[in-house]
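In: Sequence plus predicted model, see below.
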Amino acid sequence: MKWVVGIDEVGRGPLAGPVYVCAVAMPYTVYRKARWLGLKDSKQMTEKMREKWHEQARAVEKAGALKIAVSNRTAAMIDKKGIAVCIRECIAGTMKKLGLKPADCIVLLDGGLKAPIEYKNQQTIIRGDDSQKIISLASVVAKVQRDHYMIALHRKHSQYGWHTNKGYGTKTHIAAIKKQGVTLFHRASYLQRIV
């Protein structure tokens, strides 16, 4: 294989905001030599550590030793198509953005994710975002990018607290929905039991 690709998604469960998928690709020879001290599943890292790794990943990408592709689908798309379809579309989109030949890649995916069928050398790994560092890096990049988006949305819709809850169904977020109603950024299909 010429390339190792790690894929993860972020934002499957929130009540508001998009779902993000990131694919990170490294040349196989670089991947084998890489040192990943302190990198783990994004959910186990502090915001400061995620930001640091995101910055480092972008620097390595700029130097040409890494390729990063990110795709997302909005709340409206999630309501229309369903979360599973949206994630599949995002995975296909990230792989297309990377521009790598399927035969040249081994694709490592977290949880129950699957790459398009033309990527014959793919492996879905339960808790892959914790055990496979290239998936961990994809997890971090997706999380940081989605968090940045939700913080930007918070500036327009501050009553929902998206700068801290990132759209997840916290008590304060649910209380704000019941009081203020919903926005175009909420997933109506997720709110049927709440409002």
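Out: Great, that's in hand.
In: ok, and for stretch 49-66, which residues are buried?
Out: For stretch 49-66, the neighbour count (16 or more other C-beta atoms under 10 Å) marks 50, 52-54, 57, 60, 66 as buried. The way it works is simple: take the backbone N, C-alpha and C, and place the C-beta from them, glycine included.
In: ah, wrong one, I meant stretch 152-168
Out: So for stretch 152-168, counting by 16+ other C-beta under 10 Å, buried means 153-154, 157, 160-162, 165-168.
In: Which stretches in the protein count as strands?
Out: Shown for the chain, the strands assigned by DSSP state E span residues 3-10, 19-27, 67-73, 105-110, 122-125.
In: Report the inter-axis angle for the longest one versus strand 3-10.
Out: The one in question is strand 19-27. 160 degrees (axes from the mean of the first three to the mean of the last three C-alpha atoms, to 10 degrees).
In: which neighbours does strand 19-27 have in its sheet, and in what orientation?
Out: strand 3-10 (antiparallel), strand 67-73 (antiparallel) (DSSP bridges).
In: Residue 103 is nearest to which of those?
Out: Nearest to residue 103 among the strands paired with strand 19-27 is strand 3-10 (10.3 Å), distances taken as C-beta to C-beta.
In: returning to that earlier point: which of the buried residues of stretch 152-168 lies closest to residue 185?
Out: Lowest distance from residue 185 to the buried residues of stretch 152-168 (C-beta to C-beta) belongs to residue 153, with 6.0 Å.
In: In this structure the closest one contacts residue 186, no?
Out: No. Using C-beta atoms under 8 Å, residue 153 is not in contact with residue 186, being 10.8 Å away.
In: which residues are in contact with both of these two?
Out: The overlap between the contact sets of residue 153 and residue 186 (C-beta atoms under 8 Å, 6 or more residues apart in numbering) consists of residue 16.
In: show me the residues around the residue nearest to residue 153 when sequence neighbours are not counted that make contact.
Out: Nearest non-adjacent residue to residue 153, counting by C-beta to C-beta, 6 or more residues apart in numbering: residue 162, 5.4 Å away. Residue 162 sits next to 16-17, 150-151, 153-154, 173 when contact means C-beta under 8 Å, 6+ apart.
In: which two from those end up farthest apart in space?
Out: 151 and 173 (14.4 Å).
In: now the residue nearest to residue 153: how far from residue 100?
Out: 34 Å (C-beta to C-beta, to the nearest Å).
In: Run a quick neighbour tally on the residue nearest to residue 40 when sequence neighbours are not counted.
Out: Excluding its sequence neighbours, the residue lying closest to residue 40 (C-beta to C-beta, 6+ apart) is residue 136, at 5.6 Å. Here the number of neighbours of residue 136 (other C-beta atoms under 10 Å) works out to 25.
In: cool, the one 10 residues further on as well?
Out: Using other C-beta under 10 Å, residue 146 is surrounded by 25 other residues.
In: what does the one 4 residues further on give?
Out: Here the neighbour count serves as a burial measure; for residue 150 (other C-beta under 10 Å) it reads 24.
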